[in-house]
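[1] predicted model and sequence below, questions to follow.
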Amino acid sequence: MRILFYYKGVENLGIEYLSSYLKQFGHKTELIFDPGLDDNFYFRLPVKSIFNLEKRMMRKAKRFKPDLIAFSAITNLYPSIKNIAEKLKRELDVPTIVGGIHATALPEVVLKEKYFDMVCLGEGEEALLELVNSMETGRMNFKIKNIWFKKGNKIIRNPIRPLIQDLDSLPFPDKDIFYKYGVFKKRLLIMCSRGCPFSCTYCINNFYSKLYRNKGNYVRRRDVENVVEEVKLTVEKYGCNFIWFQDDIFPVDEKWLMKFKDMYTKEIGLPFHCNLHPSTVNEKNVKLLKESGCTGIDIGVQTANQTIRKKLLHTHTSNEQIIKAAKIINENRINLATNLIFGFPNETYDNMWNSFVFNKKLNPHNTASLIFYPFPKIALTEYCINHKMMNEKQVKQMNEGIGSVHTILLIKHPYTQEIMNFNALTPIFVKLPEFTFPLLKKIVKGRYSYIHKFLYLLSIPFTDKREFLQRLKDFPRMIYYTMEEYNLF
């Protein structure tokens, strides 16, 4: 069977795992990739038509002659997926399936679209393999767990299968399908685990952990040997010199971490970046990370208001824990990256200002600012709907994936202007001295305008300098190789 994937803008580990899993069993895969020149969630540029990318993607899709077209949908990528899916369906008329976070949360909504035939809920490796094997026989199996089928005017809803417990049994992700488009070069994305031990109400893990209740351990971890082998092979193949571990929370079990330090320093020795929850930070594990080669750690602050954090977000982290975590990371000379989310329900201007001041005192190397986006089916979204903070129009926009955490506030809020301003200016503000605070307060209270938008664009490098510089280097190569792949040259 021949399976065609589509994605836009960045590398996607989920698609890479699906591709390698299918290839392991003799199937052929291909990717059509959109570099996202027109819309990268920060700003839009009217350039897609200049390169005729969609027509070129269609030509490549036709040359591949797929038996199945597969999409992985995060919420804010859904509009682009719908657009390309409609064109692919019209040009090729082959079965289509959508997986990923958005399709898992809203299978009924997705299947209303005439160009989508199936939805895959949750983990897709085993379900997708079972589907293509069934299609290959010419007798479609409509009882495949994790997959919902549209059959005539009916929807066949199959139950969720247990989670894959042995992650080491999976083949390493197929990075070739993105590498040929120039999507990455020096930076390598790796995951050591799946799932998150926390269930914060603003995060999709809140929904996933409920979906997979009684379906096996939600948090699963690869063996150190397996992780190091993947890193070693991939670095040798592509020449990467920096590792970014994408785990929601990097494994900090002491025994695992000690083994990781020994093997990683001996066989890899490259700098890396990872994510930690403030409550998982202690002297011992940060020291082990430092000795392993860690140069950057992300921790979530979200808000300095402990009532919002505890009662609304269910993060159960105190300000004292966050301060202590930041101090330990800074003392070990690891770059501390924090994030703030503005626009939570019931959040006041003073709450947001206090969050900014609190974050400033943590002495972060950089800070990413986000706007609360009500992703489908998460607990905080249900709270907003139940408390009339979202009308039908806003719910429809959410279901359609309109906007992003960088560009739009989708709930009713009395401090909309301030939320947009805090989001636009925090990455720069955090670098300014305290004597500028009175001036900053005036700017934040001003009407959201093109000045704020311009400053937000200027702030992008401040959210993560290393990441910005890497993207800056990657972008021309990605454009060149994408154009080359589509025979533009």
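    Done, it's in.

[2] list the buried residues for stretch 74-92?
    74-78, 80-82, 84-85, 87-89, 92 (16 or more other C-beta atoms under 10 Å). Every residue, glycine included, has its C-beta placed from N, CA and C.

[3] give me the residues contacting it.
    When contacts are defined by C-beta atoms under 8 Å, 6 or more residues apart in numbering, stretch 74-92 is touched by residues 6-9, 32, 34, 39, 41, 54, 57-58, 61-62, 66, 69, 71, 73, 96, 98, 100-102, 105, 113-116, 373, 375-376, 398, 400-405.

[4] at 6 Å what do you get?
    Contact partners of stretch 74-92, identified using C-beta atoms under 6 Å, 6 or more residues apart in numbering, comprise 6, 8, 58, 61, 69, 71, 73, 100-102, 115, 375, 401, 404.

[5] ok, the buried residues of stretch 74-92 vs D248, which is closest?
    Sorting those by distance to D248 puts I74 at the head of the list, at 14.6 Å, by C-beta to C-beta.

[6] how far away is the closest one from V219?
    If you measure I74 against V219 using C-beta to C-beta, to the nearest Å, the figure is 21 Å.

[7] V132 too?
    Using C-beta to C-beta, we find V132 at a distance of 29 Å from V219.

[8] try I334
    For I334, the distance to V219 under the criterion C-beta to C-beta works out to 24 Å.

[9] which one of these two has more residues nearby?
    For I334 and V219, the more surrounded residue by other C-beta atoms under 10 Å is I334, and the numbers stand at 20 against 17.

[10] need the contact list for that one.
    I334 makes contact with K290, C294, I297 under the criterion C-beta under 6 Å, 6+ apart.

[11] how about a cut-off of 8 Å?
    When the contact criterion is C-beta under 8 Å, 6+ apart, the partners of I334 are V286, L289, K290, C294, T295, G296, I297.

[12] tell me the pLDDT of the first one.
    Which is V286. As predicted, V286 sits at a pLDDT of 97.

[13] quick one, phi psi at it?
    Dihedral pair for V286: phi -70, psi -40, per degrees, to the nearest 10.

[14] count of residues packed around it?
    Here the count is done by other C-beta under 10 Å, and V286 has 22 residues near it.

[15] ok, it to Q321 distance?
    Computed as C-beta to C-beta, the V286 to Q321 distance reads 14 Å.

[16] quick one: low-confidence parts of the stretch 1-150 of the chain?
    Scanning the stretch 1-150 of the chain with the threshold set as pLDDT under 70 gives 38-52.

[17] now do the strands in the stretch 101-250 of the chain.
    If you assign secondary structure with DSSP state E, counting those that start in this stretch, the strands in the stretch 101-250 of the chain sit at 118-120, 147-151, 154-157, 187-190, 193-194, 220-221, 242-245.

[18] neighbouring strands - and their directions - for the second one?
    When pairing is defined by DSSP bridges, strand 147-151 lines up against strand 118-120 (antiparallel), strand 154-157 (antiparallel).

[19] which among these is found nearest to T348?
    Between T348 and the strands paired with strand 147-151, the shortest gap by C-beta to C-beta is with strand 118-120, which sits at 39.7 Å.

[20] at the geometric centre of the protein, which residue sits there?
    Nearest residue to the geometric centre of the chain (C-alpha atoms, centre = their mean): I74, 7.5 Å.

[21] and that residue, what are its phi and psi?
    Main-chain torsions, I74, degrees, to the nearest 10: phi -80, psi 160.

[22] the lengthiest helix in the chain: which residues count as buried?
    Of all the segments of type helix in the chain, defined by DSSP state H, the longest one is helix 465-485. If you call a residue buried by 16+ other C-beta under 10 Å, then helix 465-485 has these buried ones: R466, E467, Q470, R471, D474, M478, I479, Y481, T482, M483, E485.

[23] how is the protein partitioned into domains?
    The record's domain split for the chain, according to automatic domain parsing, is 2-122+124-162, 175-474.

[24] which among those is found nearest to D168?
    D168 sits nearest to domain 175-474 of all the domains of the chain, at 4.4 Å, using C-beta to C-beta.

[25] model confidence for K259, exactly?
    97.
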